[in-house]
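J.: based on what follows, work out the 3D shape:
(one chain, ligands or ions: 1)
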Amino acid sequence: MASVTINAEVLPQPNTTGGKPLMQVMNQRASSRDYKQGMTVSKQDLSNMLWAAWGITHDGKHTVATAMNRQELILYVVTPTEVSRYNPEANTLTTVNTGDYRKFSTMQDFAAIAPINIVLVVDTSKQERPEFQGYTAGAASQNIYLYCAQAGLKSVVRAGFDRENLPKALKLSANERILFVQTVGK
Ligand SMILES: Cc1cc2nc3c(=O)[nH]c(=O)nc-3n(C[C@H](O)[C@H](O)[C@H](O)COP(=O)(O)O)c2cc1C
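T.: Numbering: from 1, shown residues only. This is a model prediction of the structure:
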């Protein structure tokens, strides 16, 4: 998909040092389905969690391993006001649609009131094997869970979403496939 560079919001620089000890955070990782209406997630937390999921580390690599370094993951962020696409190289979010599309990101009511739903999409033209796609999205999902556990945020990864309307809300191209949606909030 040709990426649009207008309306690209620069995120705060992700904080890639510190945090709670990893072993403690793994012990606290859990799924939550209890979100309060109207709560927000800070731009700093959003930047940090997107970096944890799929940020650039060193040598052009990401926080997550990909088979044959195909780097097939794309993250979309669904908020109460828009859908945007994460560009990890530029640390930006580019608006792809405006409006509240959270209801399409879920079959469960709780996610439609949560402030953030991160859609884990793979570019099938970069990686066609489903098990490799699933590894990549799953590893990114775990990193989101761990970031949330250490930041005091709630999260749950979900395979339940509106398979007809969510791809349209994200304006996906034919080679882009949604694997999971991860809800984040308080
Ligand atoms: C691939 C996958 C799909 C899932 N889909 C959903 C879902 O659609 N809705 C939901 O509420 N939870 C979903 N979950 C969350 C699981 O129900 C949850 O991880 C499980 O109950 C274990 O709880 P825990 O994450 O707190 O350890 C999914 C988890 C995985 C790994």
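J.: for the residue nearest the centre of the chain, give me the pLDDT.
T.: Centroid check for the chain by CA atoms, centre = their mean gives Ile118 as the closest residue, at 3.3 Å. Here the pLDDT value assigned to Ile118 is 98.
J.: enumerate every residue touching it.
T.: Ile118 makes contacts with 49-50, 53, 75-78, 144, 181-182, 184, as judged by CB atoms under 8 Å, 6 or more residues apart in numbering. Any C-beta I mention is one placed from the backbone N, CA and C, and that applies to glycine too.
J.: list only buried entries from the residues you listed.
T.: 49-50, 53, 75-78, 144, 181-182, 184 (16 or more other CB atoms under 10 Å).
J.: redo the residues you listed as CSV? Include secondary structure and pLDDT.
T.: Written out in CSV, the entries for the buried ones among the contacts of Ile118 read as follows (DSSP: H, G, I helix; E, B strand; the rest coil; pLDDT from 0 to 100):
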residue, secondary structure, pLDDT
Met49, helix, 98
Leu50, helix, 98
Ala53, helix, 99
Leu75, strand, 99
Tyr76, strand, 98
Val77, strand, 98
Val78, strand, 98
Ile144, helix, 99
Val181, strand, 98
Gln182, strand, 98
Val184, strand, 98
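J.: need those in a markdown table (columns: distance to Thr66).
T.: Output for those, formatted as a markdown table (distance: CB to CB, whole Å):
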| residue | distance to Thr66 |
| --- | --- |
| Met49 | 19 |
| Leu50 | 17 |
| Ala53 | 13 |
| Leu75 | 14 |
| Tyr76 | 18 |
| Val77 | 20 |
| Val78 | 23 |
| Ile144 | 16 |
| Val181 | 20 |
| Gln182 | 18 |
| Val184 | 23 |
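J.: the ligand: which of those residues is nearest?
T.: Lowest distance from the ligand to the buried ones among the contacts of Ile118 (CB to the nearest ligand atom) belongs to Val181, with 8.0 Å.
J.: can you tell me the SS state at Val83?
T.: With DSSP: H, G, I helix; E, B strand; the rest coil as the basis, Val83 sits in strand.
J.: so Tyr135 versus Asn69, what's the distance?
T.: For Tyr135, the distance to Asn69 equals 13 Å [CB to CB, to the nearest Å].
J.: rewinding a little: now the residue nearest to the centre of the chain: closest residue in space, sequence neighbours ignored.
T.: Leaving out its chain neighbours, the residue that sits closest to Ile118 by CB to CB, 6 or more residues apart in numbering is Gln182, at 4.6 Å.
J.: ok, that neighbour touching Leu153?
T.: No. If you go by CB atoms under 8 Å, Gln182 and Leu153 don't touch, sitting 11.1 Å apart.
J.: which residues does Val181 bridge with?
T.: Bridge pairing for Val181 (DSSP bridges) gives the partners Val119, Arg158.
J.: run through the residues that contact it.
T.: Per CB under 8 Å, 6+ apart, neighbours of Val181: 78, 105-106, 111, 117-120, 157-158, 161, 166.
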